[in-house]
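Trainee: Take this sequence and fold it.
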Amino acid sequence: MKKVLLLLLASTISLFAISQNLQDAQKFIYYERYQSAENTLHTVLKTDPSNAAAWYWLSQAYLPSNKTAALRDTLLTSSNEVKQNPWYQVAYGHLLLTENKKDSASIYFNEALDKTKEKDPDILLAIANAHVTAKPGDASYAMSLLDKAIKRDKKNPALYVALGDAYRKLGNGSEAYKAYQTAIDQDNKYAAALYRMGKIFVSQKNTDMYLNYFNQALQADNNFAPALFELYYHYYFVDAQKAMDYFKQYMAKSDESKTNDYLYTDLLYLNKQYQPAIEKAQKLLADPKGDTMPRLYKLMAYSYAGLKDTNNAVNYMSQYFSKEVDSNFVPKDFETMATFYDAIPGKEDSAIVYYVKTVDYSKDPKTLYSYYKKLADLYKDRKDYANQAKWLGKYYQDNEKATNIDLFNWGIANIKAEDYVQADTVFGLYIHKYPEQAFGYYWRARANASLDSTMEKGLAIPWYTQLINIIEKDSANASNKTNKKWMIEGYGYLAAYETNEAKDYKTAIEHLQKILQLDPANKDAQQYLTVLEKKVASSRDTGSNSK
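Mentor: Predicted structure coming up:
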């Protein structure tokens with residue numbers, strides 16, 4: 001008899017331990033500690049493989065981590081008896097729905113509902129949760145199941161949280177908020193409801209409200225790690241030290257993971273603890289699985305840059321590019337590498353290569369302009385004026401912030417590149433936009449003078465003529481040094497054209513006299529004027545018909 005009592009007691013203790021472990025696993029899932037839940041549930045199933053509820057909760061530990069293949073393999077190892085249980089059928093249906101096999105999933109869900117006569121609120125909640133969390137799920141159907149569950153278990157806050165999640169999936173934030181509030185009314189320590197309220201306001205970018213609710217969630221349950229993560233993420237962008245404080249609390253109350261290790265290393269960098277960041281990254285890379293996180297190489301590059309060690313920064317950034325898949329690159333990666341090379345004398349060509357790649361990867365037109373300008377400056381330093389002009393053109397076109405100075409610089413770069421046709425076009429645009437300014441006329445005249453170096457076509461004549469007219473109209477500035485110089489050049493060009501091409505010596509003399517009015521000591525004008533006056537006098541004496 002005593003032996004029988006001992007066996008019964010041992011059996012009772014064992015069942016209690018299994019029940020306790022199952023509750024622990026559910027709590028881990030509530031706190032989003034999925035690895036802990038998985039480990040606990042495997043322990044339960046090793047002792048009691050016929051525990052169908054444990055198989056279901058195992059699925060809830062696997063699915064949030066996207067372990068669908070592993071879950072399928074694991075579920076298939078269960079006994080035929082377990083596979084007939086509603087809990088198992090919901091677990092397998094959830095897996096199928098996640099894989100977008102909606103019809104097959106419905107068969108398993110309907111079997112579970114039939115076996116429980118749609119009266120078990122936990123099964124109703126489990127199926128509803130599958131439809132809410134799986135992307136192909138039907139949130140409206142989930143709501144109908146939750147309504148039935150609530151009628152049977154009105155005080156269960158988890159039901160109202162699931163209802164709020166269904167409303168959020170449908171884009172109805174107001175009704176979701178009401179559902180979460182009802183959950184709080186049932187249990188004011190139910191942190192998940194307060195956390196979900198905060199998530200509503202995250203989507204609305206209402207900082208004060210979501211911070212308030214995340215803090216309330218922690219006041220209700222200071223072990224609720226998801227709220228700590230949200231607070232870390234918020235402060236990541238505004239206060240690095242606070243972000244570090246919250247992340248340390250989060251790590252203490254969540255499962256260990258490589259992702260957490262990486263995020264912590266990133267925070268070390270963000271807090272300018274460059275050497276500790278490098279050491280932590282190196283330790284992670286020493287792990288056989290560390291090389292599967294190429295971002296660590298980038299993080300080390302940034303940290304070395306923080307230590308002013310540009311050569312090591314380039315080295316680790318190069319390794320990042322060699323190990324990361326192309327689809328994960330962002331424009332900032334190439335810009336960063338370009339700035340590293342730009343800081344090393346003699347590496348300007350490499351800087352240019354990476355700035356060009358930055359342009360190729362960029363999608364936002366507004367950010368492109370800064371890269372165009374940088375490329376133009378780099379080519380200017382190398383005296384590669386053709387490429388400088390190319391990127392200045394890109395910078396100017398369709399850029400609302402571009403000014404007349406940017407347009408002018410674009411034209412000058414074309415002049416220096418000896419692309420006079422493009423220079424003529426650019427300064428033509430300058431004249432169109434700023435007709436009252438002399439710059440456009442002067443440089444268009446210069447461009448055309450270069451295009452027509454023999455003066456045969458007189459291409460520069462209209463622009464020098466308009467230049468003179470513009471300056472003469474601006475009486476206040478006509479005598480300043482630059483304008484005076486330009487007018488002398490203009491009259492000189494007109495005089496040369498009239499002398500050599502038009503053979504109109506009298507008009508040429510008039511232009512030279514204009515020069516002497518501006519600069520009486522101009523020896524060239526004096527010399528040419530003397531020659532032309534003699535030529536005109538000689539023609540008059542001989543009775544020539546020359547002009």
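Trainee: Would you mark the buried spots in stretch 177-188?
Mentor: Within stretch 177-188, the residues that qualify as buried are Y177, A179, Y180, T182, A183, I184, Q186, D187, counting by 16 or more other CB atoms under 10 Å. Any C-beta I mention is one placed from the backbone N, CA and C, and that applies to glycine too.
Trainee: and what of stretch 231-247?
Mentor: In terms of neighbour count (16+ other CB under 10 Å), stretch 231-247 has its buried residues at L231, Y232, Y233, H234, Y235, Y236, A240, A243, M244, D245, Y246, F247.
Trainee: hang on, the earlier thing: out of the buried residues of stretch 177-188, what pair is the most spread apart?
Mentor: With CB to CB as the measure, no two of these lie farther apart than Y177 and D187, at 16.9 Å.
Trainee: Let me know the average pLDDT across stretch 414-427.
Mentor: The pLDDT scores in stretch 414-427 average 98.
Trainee: Report the distance from that stretch to the chain centre.
Mentor: Relative to its parent chain, stretch 414-427 has a centroid offset of 36 Å by CA atoms, centre = their mean, to the nearest Å.
Trainee: ok, residues contacting it?
Mentor: Residues from elsewhere that reach stretch 414-427 (CB atoms under 8 Å, 6 or more residues apart in numbering): 385-386, 388-389, 393, 407, 410-411, 439-441, 443-444, 446-448, 450-451.
Trainee: Show me which positions of that stretch end up buried.
Mentor: Neighbour counts using 16+ other CB under 10 Å place N414, I415, K416, A417, D419, Y420, Q422, A423, D424, T425, V426, F427 of stretch 414-427 among the buried residues.
Trainee: do the same with stretch 84-93
Mentor: By neighbour count on 16+ other CB under 10 Å, the buried set for stretch 84-93 is N85, P86, W87, Y88, Q89, V90, A91, Y92, G93.
Trainee: again, but for stretch 351-368
Mentor: Buried residues in stretch 351-368, defined by neighbour count with 16+ other CB under 10 Å: A351, I352, Y354, Y355, K357, T358, V359, S362, L368.
Trainee: now the helix or strand hosting the first one, how far from the centre of its chain.
Mentor: Assigned by DSSP states H and E, A351 falls within helix 348-361. For helix 348-361, the distance from its own C-alpha centre to the chain's C-alpha centre is 17 Å (CA atoms, centre = their mean).
Trainee: can you list contacts of that helix?
Mentor: Residues from elsewhere that reach helix 348-361 (CB under 8 Å, 6+ apart): 329-331, 333-335, 337-339, 341-342, 368, 371-372, 374-375, 378-379, 381-382.
Trainee: Which of those fall within helices?
Mentor: Those of those mapping onto helices are 331, 333-335, 337-339, 341-342, 368, 371-372, 374-375, 378-379, 381, per DSSP state H.
Trainee: could you flag which of those are buried?
Mentor: 331, 333-335, 337-339, 341-342, 368, 371-372, 374-375, 378-379.
Trainee: Quick check: which ranges of this structure have low pLDDT?
Mentor: Scanning the chain for pLDDT under 70 picks out 1-19, 290-291, 478, 541-547.
Trainee: give me that answer again for 50
Mentor: Applying pLDDT under 50 to the chain picks out residues 4-16, 545.
Trainee: No further queries at this time; thank you.
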